[in-house]
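>>> sequence and predicted structure below; questions after.
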Amino acid sequence: MENSTYSRVLSIAGSDPSGGAGIQADIKTISACGCYASTAIVAVVDENTVGVTGVHPVPLDFVKGQIISVLDDVGADAIKIGMLHSSELIEGVRNTLDKYPEITDIVVDPVMVATSGDPLLEENAQMSLREILMPRARVITPNIPEAEILLGERIREQNSLPDVARKLADRCGGISVFLKAGHLSDSRVIDVFYNAETDSLIRLESARLSTRNTHGTGCTLSSALASFLAKGVALDDAARGAKEYIVKALEAGANYKIGNGHGPVHHFFGFWS
């Protein structure tokens with residue numbers, strides 16, 4: 001009898017001891033989406049639902065060692081990359097991934113600011129993220145503030161998002177862009193997915209929920225997208241699946257109370273309530 005295989009996703013990100021974001025959210029999301037989660041932890045973050053108190057970086061050689069250990073043994077069908085706090089780390093991760101050119105389904109969530117507003121990326125690392133790491137990705141998943149930083153311009157209107165997504169794709173190496181619209185004040189959330197491989201664009205619309213439980217939404221969406229890609233889902237359908245997953249996770253978690261700030265989404269809404 002042949003052994004069964006998992007669809008495998010490696011998450012490269014920082015930890016969140018409160019369990020709502022970072023590596024912890026990635027593991028929950030990847031598992032809930034039916035894939036096997038492995039991790040390379042880049043930093044131990046002191047945070048909770050209220051805010052970030054500190055970031056303790058893992059030494060670069062140790063980060064690289066984790067990635068190599070996982071990919072040389074377990075392997076990965078897709079990789080999700082979250083918070084990378086410094087230029088040195090960004091360059092080190094890129095150089096390590098270049099040893100595995102066969103892995104092309106890479107999703108980069110350009111984490112720069114926490115839900116609480118606390119900065120998570122050193123200012124001098126922004127250029128490294130855009131020019132060194134993002135061209136290695138297949139998809140990036142910025143929110144509005146992150147897109148503003150990457151482009152160096154303000155984004156105020158929903159109607160501008162298709163052009164913004166195309167600009168980001170060009171600026172970051174011709175990659176696809178899932179641009180999240182949650183920071184706009186419109187009555188509905190209309191994310192935009194620009195598929196650079198087909199030069200096509202889809203709008204992903206949902207109702208705007210009234211909830212404080214938005215901690216880790218970016219981590220969750222990008223991990224869901226990586227999971228669908230790991231399972232061989234076509235790019236546009238993977239974007240649709242990730243949007244559907246985060247909307248359901250937000251809806252299911254809206255009425256729970258965890259912590260005193262921004263609580264998490266309900267990653268396992270399909271299994272228990």
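Thanks, I have it. Residues are numbered from 1 along each chain as shown.

>>> wait, a helix at residue 218?
Yes: Residue 218 sits within a helix when classified using DSSP: H, G, I helix; E, B strand; the rest coil.

>>> leaving out sequence neighbours, find the closest residue to it.
Counting by CB to CB, 6 or more residues apart in numbering, residue 109 is the residue found nearest to residue 218 once chain neighbours are left out, at 5.4 Å. Where you see a C-beta, it was placed from the backbone N, CA and C, and this is true even at glycine.

>>> quick one: the one you found from residue 224, how far?
11 Å (CB to CB, to the nearest Å).

>>> and the spatially closest residue to residue 50 that is not a sequence neighbour, what does it touch?
Leaving aside its sequence neighbours, residue 50 sits nearest to residue 261 (CB to CB, 6+ apart; 3.8 Å). By CB atoms under 8 Å, 6 or more residues apart in numbering, residue 261 lies in contact with 48, 49, 50, 51, 116, 212, 215.

>>> rewinding a little: the residue nearest to residue 218 is in contact with residue 81, isn't it?
Yes: using CB atoms under 8 Å, residue 109 is in contact with residue 81, at 6.9 Å.

>>> the closest residue to residue 27 other than its chain neighbours bridge partners, please.
Closest residue in space to residue 27, ignoring its immediate chain neighbours: residue 37 at 4.5 Å, by CB to CB, 6+ apart. Taking DSSP bridges as the rule, residue 37 bridges to residue 9.

>>> highest neighbour count among the contacts of residue 261?
Among the contacts of residue 261, the one with the most neighbours (other CB atoms under 10 Å) is residue 215, at 29 neighbours.

>>> check contacts around it.
Taking CB under 8 Å, 6+ apart, we find residue 215 in contact with 18, 20, 21, 49, 115, 261, 262, 263, 264, 265.

>>> mind putting those in JSON lines, secondary structure, pLDDT and distance to residue 172 included?
As requested, the contacts of residue 215 are exported to JSON lines (DSSP: H, G, I helix; E, B strand; the rest coil; pLDDT from 0 to 100; distance: CB to CB, whole Å):
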{"residue": "18", "secondary structure": "coil", "pLDDT": "97", "distance to residue 172": "30"}
{"residue": "20", "secondary structure": "coil", "pLDDT": "97", "distance to residue 172": "27"}
{"residue": "21", "secondary structure": "coil", "pLDDT": "95", "distance to residue 172": "23"}
{"residue": "49", "secondary structure": "coil", "pLDDT": "95", "distance to residue 172": "31"}
{"residue": "115", "secondary structure": "coil", "pLDDT": "60", "distance to residue 172": "23"}
{"residue": "261", "secondary structure": "coil", "pLDDT": "95", "distance to residue 172": "31"}
{"residue": "262", "secondary structure": "coil", "pLDDT": "94", "distance to residue 172": "28"}
{"residue": "263", "secondary structure": "coil", "pLDDT": "96", "distance to residue 172": "32"}
{"residue": "264", "secondary structure": "strand", "pLDDT": "97", "distance to residue 172": "29"}
{"residue": "265", "secondary structure": "coil", "pLDDT": "97", "distance to residue 172": "27"}
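
>>> what is the nearest of these to residue 65?
Using CB to CB, residue 21 comes nearest to residue 65 of the contacts of residue 215, at 24.1 Å.

>>> let me know the pLDDT of the residue nearest to residue 27.
On pLDDT, residue 37 comes in at 98.

>>> where does the prediction get shaky in the chain?
Applying pLDDT under 70 to the chain picks out residues 1, 113-120.

>>> name the single longest helix found in it.
When the chain is parsed with DSSP state H, its longest helix is helix 235-253.

>>> contacts for that helix?
Identification of contacts with helix 235-253 by CB under 8 Å, 6+ apart yields 29, 32-33, 138-139, 176, 178, 191, 193, 195, 197-198, 200, 202, 204, 206, 209, 211, 213-214, 217, 220-222, 224-225, 228-229, 233, 263-267, 269-270, 273.
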